[in-house]
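K.L.:
Need a 3D model of the sequence below.
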Amino acid sequence: MSLPPLVEPASELTVDEVRRYSRHLIIPDVGMDGQKRLKNAKVLCVGAGGLGSPALMYLAAAGVGTLGIVEFDEVDESNLQRQIIHSQADIGRSKAQSAKDSVLGINPYVNVILHEERLEADNVMEIFGQYDLIVDGTDNFATRYLVNDACVLLNKPYVWGSIYRFDGQASVFWSEHGPCYRCLYPEPPPPGMVPSCAEGGVLGVLCASIGSIQVTEAIKVLTGTGEPLVGRLMIYDALEMQYRQVKVRKDPDCAVCGENPTVTELIDYEAFCGVVSEEAQEAAAGSTITPKQLKEWIDEGENIEIIDVREINEYEIVSIPGAKLIPKNEFLMGTALESLPQDKKIVLHCKTGVRSAEVLAVLKSAGFSDAVHVGGGVIGWVHQIEPEKPVY
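P.N.:
Numbering: from 1, shown residues only. You can find the predicted model right below:
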């Protein structure tokens with residue numbers, strides 16, 4: 001559906017701005033009026049990572065007058081495969097500061113506002129209230145639901161994107177004119193069911209494909225051009241090079257934007273999404289060891305079986321000596337249980353300890369009462385025991 005422009009046009013463009021945006025100005029559907037609207041627009045990018053990188057760069061190049069960046073993390077070398085707004089020289093720097101420098105390098109006429117803090121329920125309303133449009137580039141479910149609910153309560157549109165391995169999705173959620181994110185995904189998936197990009201990987205260039213769709217939709221919403229992806233989900237399969245669309249209808253029973261909403265204020269999103277399930281928390285209580293303790297057991301020749309519950313590609317990058325690979329899914333399906341030794345203490349680990357805690361809960365319920373897992377996982381092992389090994 002066509003929608004009216006989200007923002008009013010600025011009073012004028014300078015001579016320098018006319019030269020800079022000339023290729024926009026000669027497009028009839030954008031023109032002087034559309035470019036003035038972009039100049040007057042205030043857009044917030046949640047995250048300066050994989051999706052935030054191309055989004056911020058193209059929003060800046062397009063002439064969006066004010067760009068906000070919410071980001072609390074620092075640049076890591078593993079980011080550079082896809083987060084193109086940062087460079088080798090930025091490793092260890094604030095992502096927000098690095099992104100600001102890149103944005104101003106592209107377009108010095110942009111006003112950049114940094115919010116170097118974690119987006120949470122106690123600050124999201126104040127931050128979002130300063131902007132016309134939100135671009136969501138987050139990679140975890142708790143923040144996605146937080147962004148959605150805040151936008152619904154503030155009656156603000158936002159452009160959403162998601163990436164994983166070779167697959168991407170994008171849509172525009174605006175409860176005044178169509179569905180919200182909860183209409184599409186009423187409940188988050190069970191903890192650990194959907195791997196993060198850090199666990200499952202992502203093709204770097206996929207970020208550009210989805211990020212550019214997000215910016216295209218942002219420009220359309222801001223200027224009132226074309227038909228935004230309101231009520232439509234764009235799905236991209238990079239392996240097959242196929243785009244397809246799915247209609248998303250407004251759910252009258254939606255918890256936040258429905259006819260009788262039950263979510264009328266922000267909630268505890270970490271608890272709602274169950275970052276670690278209650279079963280995993282209970283299993284890990286009293287059954288968590290440190291990497292140093294595991295090293296002592298290995299050195300002392302303890303009768304243990306070390307099991308790595310990550311995926312094969314992760315295992316090939318770095319592993320704990322003597323660990324046997326049995327991916328988490330094999331435990332969830334029950335096929336791994338029969339191969340476990342009954343005369344050894346089972347020691348589980350993953351990348352950071354989340355997946356291994358979930359598997360630990362499965363083992364405890366299957367009768368392996370003395371099983372333990374390694375808090376901090378292989379990352380903790382590398383940092384504490386073998387710092388010369390790579391991390392990912």
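K.L.:
Helices of the stretch 101-250 of the chain, start to end?
P.N.:
Listed from the start of the chain, the stretch 101-250 of the chain has helices (DSSP state H, counting those that start in this stretch) covering 124-128, 141-154, 181-184, 197-200, 206-223.
K.L.:
Tell me which of those helices lies nearest to residue 56.
P.N.:
Within the helices of the stretch 101-250 of the chain, the stretch nearest residue 56 is helix 206-223; the backing value is 8.8 Å (C-beta to C-beta). For the C-beta atoms, the positions are set from N, CA and C on the backbone; glycine is no exception.
K.L.:
mind checking how far that closest one is from the chain centre?
P.N.:
In this view, helix 206-223 has its centroid 16 Å away from the chain centroid, taken as C-alpha atoms, centre = their mean, to the nearest Å.
K.L.:
Okay, buried residues for it please.
P.N.:
Along helix 206-223, the positions that meet the burial threshold by neighbour count (16 or more other C-beta atoms under 10 Å) are 206-223.
K.L.:
Only the buried residues of stretch 234-254, if you could.
P.N.:
Buried residues in stretch 234-254, counting neighbours by 16+ other C-beta under 10 Å, are found at 234, 236, 238, 248, 250, 251, 254.
K.L.:
Verify the contact between the fourth one and residue 231 for me.
P.N.:
Right, residue 248. Yes - between residue 248 and residue 231 there is a contact at 5.6 Å, judged by C-beta atoms under 8 Å.
K.L.:
any shared contact partners between these two?
P.N.:
Both residue 248 and residue 231 are contacted by 178, 179, under the criterion C-beta atoms under 8 Å, 6 or more residues apart in numbering.
K.L.:
who are the neighbours in contact with residue 258?
P.N.:
Contact partners of residue 258, counting by C-beta under 8 Å, 6+ apart, are 251, 252.
K.L.:
Shouldn't it be within a helix?
P.N.:
No - with DSSP: H, G, I helix; E, B strand; the rest coil as the criterion, residue 258 is assigned coil and is not in a helix.
K.L.:
do you know how far it is from residue 180?
P.N.:
Distance of residue 258 to residue 180, given as C-beta to C-beta, to the nearest Å: 9 Å.
K.L.:
what does residue 329 give?
P.N.:
When distances are taken as C-beta to C-beta, residue 329 and residue 180 turn out to be 31 Å apart.
K.L.:
quick one, which of those two is more surrounded?
P.N.:
The residue with the greater number of neighbours, taking residue 329 and residue 180 and applying other C-beta atoms under 10 Å, is residue 180; the counts read 25 against 16.
K.L.:
Farthest pair within the buried residues of stretch 234-254?
P.N.:
The most widely separated members of the buried residues of stretch 234-254 are 238 and 254, with 30.9 Å between them, by C-beta to C-beta.
K.L.:
Contacts only, for the most centrally placed residue in the chain.
P.N.:
Closest to where the C-alpha atoms of the chain average out (C-alpha atoms, centre = their mean) is residue 139, at 1.0 Å. For residue 139, the contacting residues are 47, 49, 50, 196, 197, taking C-beta under 8 Å, 6+ apart as the criterion.
K.L.:
Show me just the buried residues among the residues you listed.
P.N.:
Applying 16+ other C-beta under 10 Å to these, the neighbour count classes 47, 49, 50, 197 as buried.
K.L.:
I'd like those as CSV, with pLDDT appended.
P.N.:
Shown next, in CSV, are these (pLDDT from 0 to 100):
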residue, pLDDT
47, 96
49, 96
50, 96
197, 71
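K.L.:
From those, which land in helices?
P.N.:
Of these, the ones assigned to helices by DSSP state H are residue 197.
K.L.:
mind listing which of the buried ones among the contacts of residue 139 are in strands?
P.N.:
Filtering the buried ones among the contacts of residue 139 for membership in strands, criterion DSSP state E, returns an empty set.
K.L.:
The buried ones among the contacts of residue 139 into TSV, with extra columns for distance to residue 173?
P.N.:
What follows is the buried ones among the contacts of residue 139, written out as TSV (distance: C-beta to C-beta, whole Å):
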residue	distance to residue 173
47	16
49	20
50	20
197	21
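K.L.:
where in the stretch 1-150 of the chain is pLDDT low?
P.N.:
For the stretch 1-150 of the chain, no stretch has pLDDT under 70.
K.L.:
what pLDDT does the closest residue to residue 148 other than its chain neighbours get?
P.N.:
Across the structure, with C-beta to C-beta, 6 or more residues apart in numbering as the measure, the residue nearest residue 148 apart from its sequence neighbours is residue 181 (3.8 Å). We have a pLDDT of 97 for residue 181.
K.L.:
what's the neighbour count on residue 181?
P.N.:
The burial metric for residue 181, expressed as a neighbour count using other C-beta under 10 Å, is 24.
K.L.:
Surely it is in contact with residue 160?
P.N.:
Yes - the criterion here is C-beta under 8 Å, and residue 181 meets it with residue 160 at 6.3 Å.
K.L.:
For these two, list the residues in contact with both.
P.N.:
Residues touching both residue 181 and residue 160 by C-beta under 8 Å, 6+ apart: 144, 147, 148, 173.
K.L.:
Compute the distance between residue 167 and residue 312, please.
P.N.:
In this structure, residue 167 and residue 312 are separated by 19 Å, where distance is defined by C-beta to C-beta.
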